[in-house]
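Enquirer: Sequence isn't available, so here's the structure alone:
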């Protein structure tokens, strides 16, 4: 049995026939080195990881008022998902993941 990293699993799902939308809830800054490895692995697999700006953005998407690509453009961070704050506090974030 082969073990896969989380980004490898996301990539496999996104490249499959069903083309799902992936939302991932993550506790940021719990382990900074693991956060960095997660984002680096996602980038190597050409995955776009973006933070959903707030709950309103998610609800707008879920209700059909906002499209997935509009959420990506509204994201607060760059395409690698790495937070911009140098000494940020631990917090829960929801990421959207796409190809």
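Expert: It's in. A quick note: this is a predicted structure, and the numbers were derived from the prediction, not measured.

Enquirer: Is the closest residue to residue 27 other than its chain neighbours within a helix or a strand, and which one?
Expert: Nearest residue to residue 27 in three dimensions, chain neighbours excluded: residue 92, at 5.6 Å (C-beta to C-beta, 6 or more residues apart in numbering). All C-beta atoms are positioned from the backbone trio N, CA, C, and that covers glycine. Using DSSP states H and E, residue 92 sits in strand 91-98.

Enquirer: buried stuff in that strand?
Expert: Of all the residues in strand 91-98, those buried under the rule 16 or more other C-beta atoms under 10 Å are 93, 95-98.

Enquirer: Show me how far it is from its chain's centre.
Expert: 4 Å (C-alpha atoms, centre = their mean, to the nearest Å).

Enquirer: Please name the strands paired to it in the sheet, noting orientation.
Expert: strand 22-28 (antiparallel), strand 48-51 (antiparallel) (DSSP bridges).

Enquirer: could those go into a markdown table alongside mean pLDDT?
Expert: Shown next, in a markdown table, are the strands paired with strand 91-98 (pLDDT from 0 to 100):
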| stretch | mean pLDDT |
| --- | --- |
| strand 22-28 | 87 |
| strand 48-51 | 84 |
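
Enquirer: Can you check which of those gets nearest to residue 60?
Expert: When the strands paired with strand 91-98 are compared by C-beta to C-beta, strand 22-28 sits nearest residue 60, at 13.7 Å.

Enquirer: Name all residues that make contact with the closest residue to residue 25 other than its chain neighbours.
Expert: Closest residue to residue 25 apart from its sequence neighbours, by C-beta to C-beta, 6+ apart: residue 94 at 5.2 Å. By C-beta atoms under 8 Å, 6 or more residues apart in numbering, residue 94 lies in contact with 23-26, 51-52, 58.

Enquirer: mind putting the strands paired with strand 91-98 in JSON lines, distance to residue 41 and mean neighbour count included?
Expert: Shown next, in JSON lines, are these (distance: least, C-beta to C-beta, whole Å; neighbours: other C-beta atoms under 10 Å):
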{"stretch": "strand 22-28", "distance to residue 41": "13", "mean neighbour count": "14"}
{"stretch": "strand 48-51", "distance to residue 41": "10", "mean neighbour count": "20"}
